[in-house]
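S.K.: pasting the sequence and the predicted model now:
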Amino acid sequence: MIFIPGFLISALTFPGVIVHEAGHLLFCKLKKVAVLDVCFFRFGNPAGYVLHEEPKDFPSSFLIAVGPLIVNTLLCLFICFPVLVPLRAFGREDPFDYVLIWLGLSIGMHAFPSTHDAKNLWSNARIAVKEKSVLALLSFPLVVFIYVGNILSVVWFDLFYGVAVGWGIPSLIIKALA
């Protein structure tokens, strides 16, 4: 397996980092959770962050934590799908298509919430499940999935996820419609 330093991957896929943080910020704004500081991209660890007040309820906490998974996954799919239709179905190539594929895949690669987000979600879910929150109960497997995804990122799971969403799903849809 090829080792590439994290800061270099972040630099090459910076749109994904920016959209990841925008996903957190979007749900902070939608759920009216005060944002204290935002860094969309930097050369450092973490490559970006959103600092916010503690959400008032579990659904808000859940959406803020998994915001990047929702936003990045959907954007990856919506950017790559229209590019792959003419490419895969008709064999039409345009150099700009490859720029859009890079953009979509870089966004998809950064879909997974951080282990810090997973830790916060787990803690908040443990409290909310005592109040009989079904969403909290359903979030436990998702937190495990997030942790596993982060652990497997050392073997390029994040890239595989981005390719599966941005290339695999559209290819399957195109094939099914052909």
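M.R.: In hand now; what should we look at? Numbers count the residues shown, from 1 in each chain.

S.K.: which parts of the protein are helices?
M.R.: 6-12, 14-30, 58-84, 90, 95-109, 115-130, 134-151, 157-163, 169-177 (DSSP state H).

S.K.: how much space between the residue nearest the centre of the chain and Cys39?
M.R.: Nearest residue to the geometric centre of the chain (CA atoms, centre = their mean): Ala111, 1.3 Å. For Ala111, the distance to Cys39 equals 19 Å [CB to CB, to the nearest Å]. (Glycine included, C-beta is placed from N, CA and C.)

S.K.: re earlier: I'd say the residue nearest to the centre of the chain and Leu74 touch.
M.R.: No: contact criterion CB atoms under 8 Å: Ala111 and Leu74 do not qualify, at 9.2 Å.

S.K.: count of neighbours near the closest residue to Pro55 other than its chain neighbours?
M.R.: Closest residue in space to Pro55, ignoring its immediate chain neighbours: Ser61 at 4.2 Å, by CB to CB, 6 or more residues apart in numbering. Neighbour count of Ser61, defined by other CB atoms under 10 Å: 26.

S.K.: I figured Ser61 hits Ala118, correct?
M.R.: No: between Ser61 and Ala118 there is no contact under CB under 8 Å: 11.9 Å.

S.K.: for Gly149, what are its contacts?
M.R.: Phe112, Phe157, Asp158, Tyr161 (CB atoms under 8 Å, 6 or more residues apart in numbering).

S.K.: just the closest of these to Trp167, please.
M.R.: If you rank those by distance to Trp167 using CB to CB, Tyr161 comes first, at 11.1 Å.

S.K.: contacting residues for that closest one?
M.R.: Gly108, Met109, Ala111, Phe112, Gly149.

S.K.: so what's Met85 scoring on pLDDT?
M.R.: Not quite, residue 85 is Val, not Met. With respect to pLDDT, Val85 has a value of 83.

S.K.: which non-adjacent residue is nearest it?
M.R.: Ile174 (6.3 Å).

S.K.: how much space is there between Leu75 and His116?
M.R.: 22 Å.

S.K.: what's the answer for Leu138, then?
M.R.: 21 Å.

S.K.: ok, Gly16 touching Trp102?
M.R.: No: if you go by CB under 8 Å, Gly16 and Trp102 don't touch, sitting 10.2 Å apart.

S.K.: those two: who's more crowded?
M.R.: Gly16 (29 against 16).

S.K.: give me the local confidence score for the residue nearest to that one when sequence neighbours are not counted.
M.R.: Nearest non-adjacent residue to Gly16, counting by CB to CB, 6+ apart: His110, 3.2 Å away. We have a pLDDT of 95 for His110.
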